[in-house]
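Engineer: Only the shape, not the letters, is given here:
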Ligand SMILES: C=C(O[C@@H]1C=C(C(=O)O)C=C[C@H]1O)C(=O)O
């Protein structure tokens, strides 16, 4: 089956991971490994794969210590193919029904207030950066149209990582992440951290101006440097060489501009697996903050929800230790007839609370577009139509 065929075959409960290089569709559970100790879990996965061969696919939560377990599955069937694009162009866009209701959690003014508090607390608690998120709860009259949204996400994204993974309790994590937490292929390790954001615009001049403003924004460069330093520091002990470009590059998704740095290393110990690297890196300051413990504490105090699998990682690892893990952002966690979408942004001393609200709104456009919704209509957290 070609990649477009795999995308067409995806149904809720499967694992799908579609990137510019390959498309992976796995189905069924031959063996399940869950736990809240991610380092022990990586070793258990290695042991299972040494015995069975093949691959394990799944999710790491934002914070396993809070009780949300990592979940890896050795599937019953695995299909891989090349990139979904351009073949996926033969699929027709799926119609996603209009939601029955949309509710913002928290209400937008409260997110602005939380950002304002965070800016003050950065100084009080000696934090360099913290990432605050908000959510949109979407209800459907019927079943949540997960497979349709996932297929539309693949159609929308030639680059990045479109993913869908089964969660405990029959829930599904689905999204299109622009951010590679880490990949490992043989001895080569790649991480592509992103921080610093501006919205894309349908108007070409505004779009270019936004990109240029981002490249020249001191606040965004600080946010970005804090991230690349942390990623380089976490990867350093695993690598004999590590190339960290001095300047970030502009990266684009259909909805956003970001600053990104591609970090490339050579593994010191070839036994280190992609999952071990992902566990060592997570949580990066792209989704949490620096220092990690106090950033996590502040996030827990200011966000009115448990992040669950948002801001975790989604990916796969094989019996050779190769694998690829995306940061679980631009995503939604779907239940039977509802889903919760998440979007966050990095806060540093110079952050403007209103601009941070606008940034999360722009990030929601990724999911909104795949749902056939006008992103602006979603922002007020009311009925969309
Ligand atoms: C936290 C999210 O995105 C992250 C935060 C970014 C930022 O603050 O500029 C940019 C890319 C991502 O690393 C999200 O999309 O929810």
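Structural biologist: Happy to help now that I have it. None of the values given here were measured: they were computed from a predicted structure.

Engineer: Next, the distance between the ends of stretch 266-282.
Structural biologist: 19 Å (C-alpha to C-alpha, to the nearest Å).

Engineer: Spell out whether that stretch and the ligand are in contact.
Structural biologist: No - Stretch 266-282 stays clear of the ligand (C-beta under 6 Å from any ligand atom), getting no nearer than 12.4 Å. Just so you know, the C-beta spots here come from the backbone N, C-alpha and C atoms, and that holds for glycine as well.

Engineer: Other residues contacting that stretch?
Structural biologist: Contacts of stretch 266-282 from elsewhere in the structure, counted by C-beta atoms under 8 Å, 6 or more residues apart in numbering, are 38-39, 41-42, 45-46, 56, 60, 72, 181-184, 186-189, 191, 231, 234-235, 238-242, 312-313, 315-317, 321-325.

Engineer: Apply 7 Å and report the result again.
Structural biologist: For stretch 266-282, contacts defined as C-beta atoms under 7 Å, 6 or more residues apart in numbering pick out 38-39, 42, 45-46, 60, 181-184, 187-189, 191, 231, 234-235, 238-241, 313, 315, 317, 321-325.

Engineer: What's the local residue count around the closest residue in space to residue 166 that isn't next to it in sequence?
Structural biologist: Leaving out its chain neighbours, the residue that sits closest to residue 166 by C-beta to C-beta, 6 or more residues apart in numbering is residue 13, at 5.4 Å. Residues lying near residue 13 (other C-beta atoms under 10 Å) number 15.

Engineer: all numbers from here: first residue = 114
Structural biologist: Sure thing, new numbering starts at 114, so read that last one as residue 126.

Engineer: Provide the secondary structure category for residue 126.
Structural biologist: coil (DSSP: H, G, I helix; E, B strand; the rest coil).

Engineer: which of the contacts of stretch 379-395 are buried?
Structural biologist: Buried members of the contacts of stretch 379-395, counted by 16 or more other C-beta atoms under 10 Å: 151, 155, 158-159, 173, 294-297, 300, 302, 304, 344, 347-348, 351-352, 426, 428, 430, 434-438.

Engineer: Which of these fall within helices?
Structural biologist: 151, 155, 158-159, 344, 347-348 (DSSP state H).

Engineer: Please report how far whichever residue of the stretch 164-313 of the chain sits closest to the ligand lies from residue 116.
Structural biologist: Closest approach of the stretch 164-313 of the chain to the ligand (C-beta to the nearest ligand atom) occurs at residue 310, with a separation of 3.5 Å. Going from residue 310 to residue 116 by C-beta to C-beta, to the nearest Å gives 29 Å.

Engineer: From the ones in helices among the buried ones among the contacts of stretch 379-395, which shows the smallest pLDDT?
Structural biologist: Among these, residue 151 carries the lowest pLDDT, at 86.

Engineer: Tell me who's in contact with that residue.
Structural biologist: Applying C-beta under 7 Å, 6+ apart, the residues near residue 151 are 173, 177, 183, 392.

Engineer: Also residue 356?
Structural biologist: Residues near residue 356 by C-beta under 7 Å, 6+ apart: 376-377.

Engineer: low pLDDT regions in the stretch 164-313 of the chain?
Structural biologist: For the stretch 164-313 of the chain, no stretch has pLDDT under 70.

Engineer: got the residues of it near the ligand?
Structural biologist: So the stretch 164-313 of the chain meets the ligand at 244, 246, 292, 307-310 (C-beta under 6 Å from any ligand atom).

Engineer: Show me the two of these that sit farthest apart.
Structural biologist: Of all pairs drawn from these, the greatest distance, 16.6 Å, lies between 246 and 309 (C-beta to C-beta).

Engineer: burial measure for the residue nearest to residue 259 when sequence neighbours are not counted, as a count.
Structural biologist: By the measure of C-beta to C-beta, 6+ apart, the closest residue to residue 259 outside its immediate chain neighbours is residue 125, 4.7 Å from it. For residue 125, the tally of surrounding residues (other C-beta under 10 Å) stands at 16.
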